[in-house]
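Trainee: Make a model of this:
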Amino acid sequence: MQDLKELYQEVILDHNRNPRNFRAMEHASCEARGHNPLCGDRLKLFLKIKNDVIEDISFEGQGCAISQASASIMTEVLNGLSCEEARALFDKVHQLLTVEQFDIQSLPFFKATSSCWGSSLSCSSQMCIPCMAYFNCCFKKSN
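Mentor: Coordinates of the predicted model:
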């Protein structure tokens, strides 16, 4: 279990220090903002959707290591997915955060860290869930 915690910390630190897709996007199909008033984290998400596929995704913002890392990971996971696949993933993440008996193993990118979430889930969910909710709304605009 200690190895998993160390891996989790390494992934979070790596994505915080070297966030993927951290940039403003010109000509985005959709832009959305996320804000956690409890700690001050702020995020702006950019999406380019073409033919019902996420052609590009990026973000800008500031906040704690977990909020920045979770946004970075989110962009890597969603880039290239169809809107239908992204919506299904959104539904699973939403269940993870709202259903008491959720099977975390159904989310492949959470398998390595499932025993390490603890209180940090709050920070990542405070930023990613509002952004993914806005992101979900963007599909309606692009179709």
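Trainee: Stretch 72-86: which residues count as buried?
Mentor: 72-75, 77-79, 83, 86 (16 or more other C-beta atoms under 10 Å). Glycine gets a C-beta too; all of them are placed from N, C-alpha and C.
Trainee: Oops, could you answer that again for stretch 10-21 instead?
Mentor: In stretch 10-21, counting by 16+ other C-beta under 10 Å, buried: 11-12, 15-16, 19-21.
Trainee: Leu47 and Asp14, how far apart?
Mentor: 24 Å (C-beta to C-beta, to the nearest Å).
Trainee: ok, so what distance separates Arg90 from Glu6?
Mentor: Check again: residue 90 is Phe, not Arg. 29 Å.
Trainee: the more surrounded of those two?
Mentor: Phe90 (18 against 11; other C-beta atoms under 10 Å).
Trainee: Phi, psi for the more buried one please.
Mentor: phi -60, psi -50 (degrees, to the nearest 10).
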